[in-house]
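In: Can you look at this prediction? I've put the sequence above it.
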Amino acid sequence: MSVERWRDVVGYERMYQVSDLGRVMRVEQRDADGRAVRKAKLLQASPHYTSRRMGVGLRKDGVTKKVYVDRVVLAAWIGPIKAGQVVLHGPLGVANNSVGNLSYGSRDKCKRKPHHGARVRRSDGKEFISMASAAREVGVGESRIWLVCNSRSKRAGGWGWEYCDQARMTLPIITTCVVPFTHSETAQSVLPTRPERALMEVGGL
């Protein structure tokens, strides 16, 4: 049975931790007398409405910032992202942010979103040669129609929409990696392996 390992979130050290399984935790803090002033809490990640990448809110200096969990995991366990690289997900999908399902890589290794030039059909049966032409007629952005065609929204411009070629509906709408990433098993966590043991002293900050 594998043990879930934890490391500090880069930029939020002693405040938040992220595990090699992709979970993010607010660290419990105690004052100099050992009294808990902030309880440990696992954060509930939520998906972005288009990319479906999971995100959490991290609070620091009175400001809450929404960050992608995959970026947090890779920064803590693999290292910083380099110029020109993107985050890639393996075959377990975009919702799985374990280290073994993530890697850095180039965009040419990714599957793409369906092209906005695809033929689409309005709910009244009228067909359009592209999303662009449909968007011009109903007065909305192409992305609004794309969301409806990919079941991320119900209506755009007051209409329902679908691809004329329904096979397009099966294409992924997220950027995923074609080849799974194998990380080094030699990396060891320098932090407690259990969330409930991650107790930080406020007096030492």
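Out: Sure, I can see it.
In: Every contact and neighbour count from this point should use C-alpha atoms.
Out: OK.
In: Give the pairing partners of whatever helix or strand Gln29 lives in; include direction for each.
Out: Using DSSP states H and E, Gln29 sits within strand 28-30. Within its sheet, and counting by DSSP bridges, strand 28-30 is paired with strand 36-38 (antiparallel), strand 199-201 (parallel).
In: what mean pLDDT would you report for it?
Out: Here strand 28-30 scores 83 as its mean pLDDT.
In: for stretch 95-114, same thing?
Out: The model assigns stretch 95-114 a mean pLDDT of 77.
In: Ok, stretch 141-153 next?
Out: 82.
In: buried ones in that stretch?
Out: The neighbour-count check on stretch 141-153 (16 or more other CA atoms under 10 Å) flags 142, 144-150, 153 as buried.
In: I'd say Tyr104 and Val87 touch.
Out: Yes. Counting by CA atoms under 8 Å, Val87 is a contact partner of Tyr104 at 4.9 Å.
In: does the residue of the chain positioned farthest from its centre belong to a helix or a strand, and which?
Out: In the chain, Asp33 marks the outermost C-alpha relative to the chain mean, sitting 38.3 Å out by CA atoms, centre = their mean. Assigned by DSSP H and E, Asp33 belongs to no helix or strand.
In: from the buried residues of stretch 141-153, which ones fall inside helices?
Out: 142, 144-149 (DSSP state H).
In: Return the closest of those residues with respect to Pro80.
Out: Minimum distance to Pro80 across these is 31.7 Å, recorded for Leu147 (CA to CA).
In: can you tell me which residues contact that closest one?
Out: 50, 153 (CA atoms under 8 Å, 6 or more residues apart in numbering).
In: Determine how far the helix or strand where Val87 lies lies from the middle of the whole chain.
Out: For Val87, the host element (DSSP H and E) is strand 86-89. Distance of strand 86-89 from the chain centroid (CA atoms, centre = their mean, to the nearest Å) equals 10 Å.
In: Nothing else from me, thank you.
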